[in-house]
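Engineer: dropping a prediction and its sequence here:
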Amino acid sequence: MPEPQPGAQPADGSTPGAEPDRDPAAADEPTSPPVPPDQPEPTAQPTAPDQPEPSDRPEPATAQAPTPRWSGSAPVPPPPPRRPAWGESAEPTPPPPVPVGPPEHQTPVDPWAGVDTGGWDLPSAELPPLPSTMHYPAPPATRQWPAPPAPPVGPHPVSPPAAPRPPQAAGPAMPARPMSPPAPPPTAPPTKMPKQRRGRRSAPPPLAPPSTPPPGWQAPKGYVPVPVRRRRRWPWLLLLTLACCCGCPAYYGFPISAQYPVQVALPAQVNDLSLRQDKRSEAAARQLEGEVRQEHWLAEDTFAGVYSTSAGKQVTVFGGTGFRLSPESDAEAEISRLTERYALEAAESVDTGVRGRHERCAVGRLDGSDVVVCTSVDHGSIATGVFTRLSVADSATLLNTLRSEIVQPKA
């Protein structure tokens, strides 16, 4: 095997001792050195891998590096020209001049170079000289304030007081210049009014109290003072509302609660009156009780009885219980129902002294004798009595007594 010559170069064109820079992508592929045509195939003649083979073909001085197969990025096109903004000049702004050196090494420039600065007091040939200005007179002498009292003598010397200035001659007085009126004070900027809610009206501002007119003031002709009406206070309205809401139901509801519901029971003895238990009296009582049930079909309970005294006086009482909304009209209706039966005259009202209870009495005739018929009605019951040999007043009093014994509040 021939030895390498001292001036020979490797087959790839690089200098010996230095390896050429290759692309990493191309370095991975297997390459083989060129084989001259007069040499046998590489498979027929083995060669050592460490020593390059000699070549008789002249190699070029420089070898071109292989082009990489993949660079990893695409070429970036140049950016388009920028459009000028609004108001910007279309011509490009020239760059500022670049200074040759630092400013301390440059030659200073005299701004007054070539200017005549010899003097400013030059005579004017075109304009006449200006007249001398008028001298203002000296101000008049002012009154000197008395000097303050000298302090007590101390260890340090005290300088003598300054001598008073001599009065100066007063010149012609100048007319006083009119004083301009003082400028008005600056007004504050208007404040922003707060927003008001819709649907609500703001309360009007309170009226100012009337002030006392100054002495000697006279009202104009036809002026009539109008007194200011005082505003009513809201507690009166609240009290009136409470009185209407609570007072009225209590006023009308108390008699009803005291007179309804009630229960009835005929006592055997009331003062000097005794309940008669004979068949005739019991038959008359049952007949009257049936009539009450027929006339007052909403009655809860009915009662009837015949009482008499040892002196021969007889009292028949009957009635019923149940709620009644208008006792006064029920009392008049009961008297009207008994008018034809007992031939009653005009009825008269009797004061019972009980709120919600109304009583009517009338004089009539029964079996040829005079009788007095009285009926008493309240919100819980109705009681009617037929009295013989008694006056209207006594009959009304006795009916109230019988009623209090027969009709009792229900427990």
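Structural biologist: Cool, got the structure.

Engineer: now stretch 369-378: buried residues?
Structural biologist: Neighbour-count burial for stretch 369-378, counted by 16 or more other Cβ atoms under 10 Å, picks out 371-378. Where you see a C-beta, it was placed from the backbone N, CA and C, and this is true even at glycine.

Engineer: avg pLDDT for it?
Structural biologist: In this model, stretch 369-378 has a mean pLDDT of 94.

Engineer: repeat that for stretch 326-334.
Structural biologist: 93.

Engineer: identify each buried residue in that stretch, please.
Structural biologist: Those would be 327, 330-332, 334, for stretch 326-334 by 16+ other Cβ under 10 Å.

Engineer: make TSV from those residues and add secondary structure and distance to Y342 to it.
Structural biologist: Shown next, in TSV, are those (DSSP: H, G, I helix; E, B strand; the rest coil; distance: Cβ to Cβ, whole Å):
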residue	secondary structure	distance to Y342
P327	helix	21
D330	helix	18
A331	helix	16
E332	helix	16
E334	helix	12
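
Engineer: lowest-confidence helix or strand of the chain?
Structural biologist: Taking mean pLDDT, DSSP states H and E as the measure, the chain has helix 24-27 as its least confident helix or strand, at a mean of 41.

Engineer: what's downstream of it, the next helix or strand?
Structural biologist: Of the helices and strands lying after helix 24-27 in sequence (DSSP states H and E), the nearest is helix 234-242.

Engineer: hey, where'd the helices end up in the stretch 251-400 of the chain?
Structural biologist: In the stretch 251-400 of the chain, the segments counted as helices under DSSP state H, counting those that start in this stretch are 279-295, 327-342, 392-406.

Engineer: restricting to C-alpha, output the first one in CSV.
Structural biologist: Taking Å, rounded to 0.1, in the frame of the first residue of the first chain, the C-alpha atoms of helix 279-295 are listed here in CSV:
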residue,chain,number,x,y,z
LYS,A,279,-154.7,24.0,84.2
ARG,A,280,-156.3,27.1,82.9
SER,A,281,-153.2,29.3,83.5
GLU,A,282,-150.9,26.6,82.0
ALA,A,283,-153.1,26.3,78.9
ALA,A,284,-153.0,30.1,78.4
ALA,A,285,-149.2,30.1,78.9
ARG,A,286,-148.7,27.3,76.3
GLN,A,287,-150.9,29.2,73.8
LEU,A,288,-148.9,32.4,74.3
GLU,A,289,-145.7,30.5,73.9
GLY,A,290,-146.8,29.0,70.6
GLU,A,291,-147.7,32.5,69.3
VAL,A,292,-144.3,33.8,70.2
ARG,A,293,-142.6,30.9,68.4
GLN,A,294,-144.8,31.5,65.3
GLU,A,295,-144.1,35.2,65.2
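
Engineer: for it, buried residues please.
Structural biologist: Buried-residue list, helix 279-295, by 16+ other Cβ under 10 Å: 281, 284-285, 288-289, 292.

Engineer: how about the shortest one?
Structural biologist: Buried residues in helix 392-406, defined by neighbour count with 16+ other Cβ under 10 Å: 392, 395-396, 398-400, 402-403, 406.

Engineer: follow-up on the earlier one: redo the buried residues of stretch 369-378 as a markdown table? Include distance to G114.
Structural biologist: Formatted as a markdown table, the buried residues of stretch 369-378 follow (distance: Cβ to Cβ, whole Å):
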| residue | distance to G114 |
| --- | --- |
| V371 | 157 |
| V372 | 153 |
| V373 | 151 |
| C374 | 148 |
| T375 | 145 |
| S376 | 142 |
| V377 | 139 |
| D378 | 136 |
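
Engineer: from those, pick the one nearest A243.
Structural biologist: Of all the buried residues of stretch 369-378, D378 has the smallest distance to A243: 25.9 Å, by Cβ to Cβ.

Engineer: pretty sure the closest one contacts G319?
Structural biologist: No. Judged on Cβ atoms under 8 Å, D378 makes no contact with G319 at a distance of 11.0 Å.

Engineer: shared neighbours of those two, anything?
Structural biologist: Here D378 and G319 share no contacting residue, scored by Cβ atoms under 8 Å, 6 or more residues apart in numbering.

Engineer: what about P267, neighbour count?
Structural biologist: Using other Cβ atoms under 10 Å, P267 is surrounded by 13 other residues.

Engineer: so what's it closest to, chain neighbours aside?
Structural biologist: Sequence neighbours aside, E405 is the residue nearest to P267 in space, at 5.2 Å (criterion: Cβ to Cβ, 6 or more residues apart in numbering).

Engineer: how near is the one you found to Y342?
Structural biologist: Distance, E405 to Y342, by Cβ to Cβ, to the nearest Å: 24 Å.

Engineer: per-residue pLDDT, V407?
Structural biologist: 93.

Engineer: can you report phi and psi for it?
Structural biologist: Phi and psi for V407, reported as degrees, to the nearest 10, are phi -100, psi 120.

Engineer: low-confidence ranges in the stretch 301-411 of the chain?
Structural biologist: Of all residues in the stretch 301-411 of the chain, none has pLDDT under 70.

Engineer: in it, which spans are strands?
Structural biologist: Along the stretch 301-411 of the chain, counting by DSSP state E, counting those that start in this stretch, strands occupy 301-308, 314-321, 348-350, 358-366, 369-377, 381-388, 407-409.

Engineer: turn those strands into TSV, columns for distance to V98.
Structural biologist: Below are these laid out as TSV (distance: least, Cβ to Cβ, whole Å):
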stretch	distance to V98
strand 301-308	131
strand 314-321	128
strand 348-350	132
strand 358-366	127
strand 369-377	129
strand 381-388	129
strand 407-409	125
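
Engineer: state the number of residues packed around V350.
Structural biologist: V350 has 21 nearby residues by other Cβ under 10 Å.

Engineer: swap that for P225, sorry
Structural biologist: P225 has 7 nearby residues by other Cβ under 10 Å.

Engineer: quick check: the gap between the nearest residue to it once chain neighbours are set aside and V226.
Structural biologist: Counting by Cβ to Cβ, 6+ apart, the nearest residue to P225 once its immediate chain neighbours are dropped is A219, at 7.6 Å. Distance, A219 to V226, by Cβ to Cβ: 12 Å.
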